[in-house]
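> just a sequence and a predicted model for now, questions to come.
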Amino acid sequence: MNHFPIFVSLDAARVVVSGGGDPALAKLRLLLKTPAVLTVFAADPAPEIAAWAEAGKLALEPRAPEAADFVGATLAYAAEEDEAEAARTAALARAAGVLVNVVDNLDASAFITPAIVDRAPVTVAIGTEGAAPVLARAIKADLEARLPASLGPIARIGKAFRKLAETLPHGRARRDFWSDYYTTAGPRAFAEQGEAGAAAALDDLLAHHLGQTARPGHVAFVGSGPGDPELLTLKARRALDEADVVVYDRLVTPAILELARREALMIDVGKEGFGPSTSQDHINALIVEHARKGAQVVRLKSGDPTVFGRLDEEIDACDAARIGWHIVPGITAASAAVASIGQSLTRRGRNASVRFLTGHDVAGFADHDWAALARPGEVAAIYMGKKAARFVQGRLLMHGADRATPVTVIENASRPDQRVLSSTLATLPTDLAAAAMNGPALTFLGLAPRAAAQALPALQKEFA
């Protein structure tokens, strides 16, 4: 993000616009929606600009700007159609310490004006850092259609009520009140009775919230899926949006953490197999501590929280502390990974069941029913299996598994850096060592990529 989005106060602020053609007109149409004091420098202004000057909406100077004209200005626009004139204006503005936008020249501009959806006082700004203005306009059109015209009046009414709402305790109680108003009570009252109804709804809603007892702390055990934010469930998104505290695992991707409420306290309790870890007792204590204080806690786990996620231990800690909880399932890594190789976990005539296994447990490498797994046609998804590959290979071969049994390893399933390694039971440890996979990986016993050449041809050739 090279351009940091901010909203600049233009109340009684001076803004200088140099230029009288179409580029200047486009900027002025937006600036006239603000309370800024506008001065336009143009020897030959468009009729529309001249009309605005006659109406007293801006000051018009029929000349090029000079250095003194920028003193005390907040913003400046070099909107001349002549590049040399625009460069001169920009240099004068910069010399006066004024932020300047050079129209159609991203590199020379200190700021850019985004595409805007205006539902004053609600303003949505859309920027692409000059990379795709057509895309910005498409997003603007989509938002214009989605955001109702009533949004502005409802927000204005709410703004006038903010002081009265401060009778509610700061934090969660106040946020719940405003959430109820903006998502339910306000739009409903506005639709039925207009602005008067929306204003009256605030008094009733405040009385209702003042009469409520403090919302108790609660824990949501949320599955973040395999890493792709688009695979997050709607319920998971809602939980992140409402969270006061997010306690998250190492494998939860930054893109998903970005979806949490900005004010939420983010606590990293990452664990790494055979590496540095936060103790489970400490994680349990953190969850309970924050929920006891009344926080809405999201315990964010990679994949699905019910699959190798130590969920029961954390639920037991909540039950012992008499803290309410619920589970939001996520897409487990096995589902995302097997989809990436075009396969099905079960197939008629091949296997009527599939096993989810872990490569290691608290005591070391995990033991399983190797004799059953070694039978032809068996399919198993092995979590945390990279470091256990030689152990798994040895146990299966010892119990008579075919050395040619297909094995597929998917690293970073569903993410942009996903890799697929096609191997066999005979060569699995060697192939894994050569692949040097550092990310989270899932091992599929009994499945080969259906279309390995299309999935990742370069990697397939490398490890062929």
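Done, it's in.
> what's the burial count for His368?
Counted with other CB atoms under 10 Å, residues neighbouring His368 total 17. In this view, the C-beta of every residue, glycine as well, is placed from N, C-alpha and C.
> can you check Gly400 too?
Neighbours of Gly400 (other CB under 10 Å): 11.
> how about it, secondary structure?
coil (DSSP: H, G, I helix; E, B strand; the rest coil).
> who's in contact with it?
Ala371, Ala374 (CB atoms under 8 Å, 6 or more residues apart in numbering).
> and Ile327, by the same measure?
Ile327 touches Ala220, Phe221, Pro305, Thr306, Leu311, counting by CB under 8 Å, 6+ apart.
> please indicate which of those are buried?
The neighbour-count test (16 or more other CB atoms under 10 Å) marks Ala220, Phe221, Pro305, Leu311 as buried among these.
> farthest pair within the residues you listed?
Comparing every pair within the buried ones among the contacts of Ile327 by CB to CB identifies Ala220 and Leu311 as the most remote, at 12.1 Å.
> which of the contacts of Ile327 sit farthest apart?
Largest separation among the contacts of Ile327 by CB to CB: Ala220 and Thr306, giving 13.6 Å.
> surely Pro226 touches Arg415?
Yes: the pair Pro226 / Arg415 is scored as a contact, 7.4 Å apart, by CB atoms under 8 Å.
> wait, Ala366 touches Ala388, no?
Yes: here Ala366 reaches Ala388: they are 7.4 Å apart, a contact under CB under 8 Å.
> which of those two has more neighbours?
Legend: neighbour count by other CB under 10 Å for Ala366 and Ala388, higher for Ala388 (22 against 18).
> tell me the spacing between that one and Leu432.
For Ala388, the distance to Leu432 (CB to CB, to the nearest Å) stands at 10 Å.
> and Ile256, how many neighbours?
Residues near Ile256, counting by other CB under 10 Å: 22.
> excluding chain neighbours, what is closest to it?
Ser224 (5.0 Å; CB to CB, 6 or more residues apart in numbering).
> SS state for the residue nearest the centre of the chain?
By CA atoms, centre = their mean, the mean C-alpha position of the chain lies nearest to Leu259, the distance being 3.5 Å. Three-state call for Leu259 (three-state DSSP): coil.
> same check on Asp107?
Asp107 ends up coil, using three-state DSSP.
> if I look at it, how far off is Ala141?
Taking CB to CB, one finds Asp107 at 28 Å from Ala141.
> and Ala366, by the same measure?
Counting by CB to CB - Ala366 and Ala141 are separated by 54 Å.
> ditto for Thr408
Thr408 is 43 Å from Ala141, by CB to CB.
> past the lengthiest helix in the chain, which element shows up next along the chain?
Counting by DSSP state H, the longest helix found in the chain is helix 186-210. Using DSSP states H and E, the helix or strand that follows helix 186-210 towards the C-terminus is strand 218-223.
> OK, contacts around the closest residue to Lys301 other than its chain neighbours?
Counting by CB to CB, 6+ apart, the nearest residue to Lys301 once its immediate chain neighbours are dropped is Gly309, at 4.7 Å. Each residue near Gly309 by CB under 8 Å, 6+ apart is listed here: Gly223, Lys301, Ser302, Gly303.
> can you redo these as a markdown table with pLDDT and secondary structure?
Shown next, in a markdown table, are the contacts of Gly309 (pLDDT from 0 to 100; DSSP: H, G, I helix; E, B strand; the rest coil):
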| residue | pLDDT | secondary structure |
| --- | --- | --- |
| Gly223 | 96 | strand |
| Lys301 | 96 | strand |
| Ser302 | 93 | coil |
| Gly303 | 94 | strand |
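> so of those residues, which two are at opposite extremes in space?
The two members of the contacts of Gly309 with the most space between them (CB to CB) are Gly223 and Ser302, at 7.8 Å.
> list the residues that contact both of Ala366 and Ala388?
Gly359, His360.
> I figured Pro406 was touching Leu447, is that so?
Yes: using CB under 8 Å, Pro406 makes contact with Leu447 at a distance of 6.2 Å.
> sorry, back to before: in JSON lines: the buried ones among the contacts of Ile327, plus pLDDT and distance to Thr233.
Formatted as JSON lines, these follow (pLDDT from 0 to 100; distance: CB to CB, whole Å):
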{"residue": "Ala220", "pLDDT": "97", "distance to Thr233": "12"}
{"residue": "Phe221", "pLDDT": "98", "distance to Thr233": "13"}
{"residue": "Pro305", "pLDDT": "95", "distance to Thr233": "12"}
{"residue": "Leu311", "pLDDT": "95", "distance to Thr233": "17"}
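> for the helix or strand hosting Leu240, name the packing helices and strands.
In this assignment (DSSP H and E), Leu240 forms part of helix 234-242. Counting contacts by 3 or more CB pairs under 8 Å, 6 or more residues apart in numbering; DSSP states H and E, helix 234-242 is packed against strand 218-223, strand 296-301, strand 324-328.
> CA atoms only: put the second one into PDB for me.
What follows is strand 296-301, C-alpha atoms only, in PDB (Å, rounded to 0.1, in the frame of the first residue of the first chain):
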ATOM      1  CA  GLN A 296     -16.300 -11.900  22.900                       C
ATOM      2  CA  VAL A 297     -13.400 -14.300  22.200                       C
ATOM      3  CA  VAL A 298     -12.700 -15.900  18.900                       C
ATOM      4  CA  ARG A 299     -10.400 -18.900  19.200                       C
ATOM      5  CA  LEU A 300      -9.300 -19.100  15.600                       C
ATOM      6  CA  LYS A 301      -7.900 -22.400  14.400                       C
END
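> what lies in contact with it?
By CB under 8 Å, 6+ apart, strand 296-301 touches 172, 215, 217-224, 239-240, 242-249, 252, 256-257, 260, 264, 287, 290-291, 305, 309, 311, 314, 330.
> the first one too?
For strand 218-223, the external contacting residues (CB under 8 Å, 6+ apart) are 233, 236, 239-240, 243, 287, 291, 296-306, 309, 311, 314-315, 318, 323-332.
> go again with 6 Å.
Contact with strand 218-223 is made by 236, 239, 287, 291, 296-301, 304-305, 318, 324-330, as judged by CB atoms under 6 Å, 6 or more residues apart in numbering.
> okay, now the residue nearest to Asn412 when sequence neighbours are not counted: neighbour count?
Of all residues not flanking Asn412 in the chain, Gly439 sits nearest, at 4.2 Å (CB to CB, 6+ apart). The tally of other residues near Gly439 (other CB under 10 Å) stands at 15.
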